[in-house]
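Asker: A predicted structure for the sequence below; I have some questions about it.
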Amino acid sequence: MNNLAKTKYNLPAQQPTDKLKAAISAPGDESYVLERTRVCLKAFFDPGMSDQDRASLLDEFARALRNVPRWAVARGFDAWMRTRTRRPSPAEINIEAQKAIREFTDELAHRRRMEAPDEPPRQRADQEAAERIMMQAGFTPKRLDAVRQAPMARTMDEAVARSEAPPRLHWSETADPDGPEMRALRRARDENRIVQEARAQQRIARSGSSWGDEASDDGYAA
């Protein structure tokens, strides 16, 4: 694995699968983490940092990166040294290292997808087969009709019960035509403005039709 920690890296797509897996599961190297951290701290030297603070910071880097593969730690520090102008935190180097590892895991996932057998083409069921499948699932024509008639039913049994119940008649269908209820209903309709306008339109339409018939009989219409 030492060659993976060098500045020159092989692209994951150029490496065999077994090497990718070995790189991902490679052990960490705490001594290498401390070595790279010391170099990094020298590059971003802080004259105000005490020896005790520097030792504590080295310990933080070691704890954050001791289980990260050595080559990924190298990638993390190298990426930071090339592009940044301040001292990193252990978390920031770990983020860069995980980016490098993700290149390998993404390549392995891509290869697994490419190696997976193609799914057989799905055949579209004809009408007969579709009806048979629906019947086997319990969706008989009777039940489907029940769902259409009672879309708000909470269960299939409730929908079927509603669809089989006798139709509920409006009270006006059974009331006495000359009874007080019907007289009140007719009076309310006569006083309703919308009903009055509709009746007027009907009278106009009937009178126009009658005039047209008479004109036609008299020979005034073509």
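Answerer: Received the coordinates, thanks. Numbers count the residues shown, from 1 in each chain.
Asker: quick one: the helices in the protein?
Answerer: Under the criterion DSSP state H, the chain contains helices at 17-24, 30-43, 51-65, 70-83, 90-115, 127-136, 141-149, 156-164, 171-174, 180-191, 193-218.
Asker: list the contacts for residue 17?
Answerer: Neighbour list for residue 17: 108, 111 [criterion: C-beta atoms under 8 Å, 6 or more residues apart in numbering]. In short, each C-beta sits where N, CA and C put it, glycine included.
Asker: distance of it relative to residue 104?
Answerer: To residue 104, residue 17 is 10 Å away according to C-beta to C-beta, to the nearest Å.
Asker: please parse this protein into its domains.
Answerer: For the chain, whose domains are defined here by automatic domain parsing, the residue ranges read 2-115, 128-164, 175-207.
Asker: I'd like to know how many residues surround residue 88.
Answerer: 21 (other C-beta atoms under 10 Å).
Asker: make 500 the first number, not 1, from now on.
Answerer: From this message on, residue numbering opens at 500, which makes the last subject residue 587.
Asker: so it touches residue 579, yeah?
Answerer: Yes. Judged on C-beta atoms under 8 Å, residue 587 makes contact with residue 579 at a distance of 5.0 Å.
Asker: what do these two both touch?
Answerer: Residues touching both residue 587 and residue 579 (C-beta under 8 Å, 6+ apart) are residue 539.
Asker: any weak-confidence spans in the protein?
Answerer: 500-509, 622, 624, 630, 633, 636-638, 643, 655, 708-721 (pLDDT under 70).
Asker: let me know which of the domains of the chain is tucked in deepest.
Answerer: The highest mean neighbour count among the domains of the chain, using mean count of other C-beta atoms under 10 Å, belongs to domain 501-614: a mean of 15.
Asker: determine how far that one lies from the middle of the whole chain.
Answerer: 35 Å (C-alpha atoms, centre = their mean, to the nearest Å).
Asker: now swap in stretch 683-692 and tell me
Answerer: With C-alpha atoms, centre = their mean, you get 55 Å for stretch 683-692.
Asker: which residues does it contact?
Answerer: Contacts of stretch 683-692 (C-beta under 8 Å, 6+ apart): 671, 694-695.
Asker: if we can go back for a sec, in CSV: the helices of the chain, plus distance to residue 620.
Answerer: Shown next, in CSV, are these (distance: least, C-beta to C-beta, whole Å):
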stretch, distance to residue 620
helix 516-523, 29
helix 529-542, 52
helix 550-564, 49
helix 569-582, 42
helix 589-614, 19
helix 626-635, 16
helix 640-648, 29
helix 655-663, 34
helix 670-673, 58
helix 679-690, 64
helix 692-717, 60
